[in-house]
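**Q** 3D, please:
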Amino acid sequence: MNTTLNVKIDVQTKQSLKDFADELGVPVSSLVNGSIRQMLRERKVVFSTALEPTPYLENVMREAEDDLAAGRNITTAKNKAEALKHLRSL
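**A** Numbering: from 1, shown residues only. Have a look, this model is predicted:
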């Protein structure tokens with residue numbers, strides 16, 4: 001037998017949840033039911049956010065990849081002494 005559970009949630013979070021459920025192709029109720037069942041089965045709650053680079057970091061990473069491909073700004077050091085020597089020469 002299905003029952004209704006009312007949860008107070010702010011408008012922005014509700015819309016974000018609906019958008020996320022739409023991306024997954026499932027109704028919000030299925031997403032919530034699945035999360036509740038998992039919490040009850042595992043007897044734990046896990047909060048997680050995927051780490052994503054900022055636009056600035058994405059740009060730095062692209063530049064580093066371009067430099068690597070072109071052989072620019074690439075320094076290798078086999079040990080601490082070599083690394084320090086290179087850094088002091090800059």
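**Q** distance of T75 from L68?
**A** The gap separating T75 from L68 is 11 Å, by C-beta to C-beta, to the nearest Å. (Each C-beta comes from the backbone N, C-alpha and C, glycine too.)
**Q** ignore what I typed, I meant G25.
**A** When G25 is compared with L68 (using C-beta to C-beta), they lie 38 Å apart.
**Q** ok, these two, which is more surrounded?
**A** L68 (11 against 7; other C-beta atoms under 10 Å).
**Q** burial count for the residue nearest to the more buried one when sequence neighbours are not counted?
**A** Using C-beta to C-beta, 6 or more residues apart in numbering and skipping the chain neighbours, the partner closest in space to L68 is I74 (6.2 Å). When neighbours are counted by other C-beta under 10 Å, I74 registers 9.
**Q** next one: I74 from E82, what distance?
**A** From I74 to E82 the distance is 14 Å (C-beta to C-beta).
**Q** worst-scoring helix or strand of this structure, pLDDT-wise?
**A** helix 80-89 (a mean of 90; mean pLDDT, DSSP states H and E).
**Q** by contact count, what packs against that one?
**A** Using 3 or more C-beta pairs under 8 Å, 6 or more residues apart in numbering; DSSP states H and E, no helix or strand is in contact with helix 80-89.
**Q** so how far is that helix from its chain's centroid?
**A** From the chain centre to the centre of helix 80-89 is a distance of 34 Å (C-alpha atoms, centre = their mean, to the nearest Å).
**Q** how is the chain partitioned into domains?
**A** 11-42, 55-89 (automatic domain parsing).
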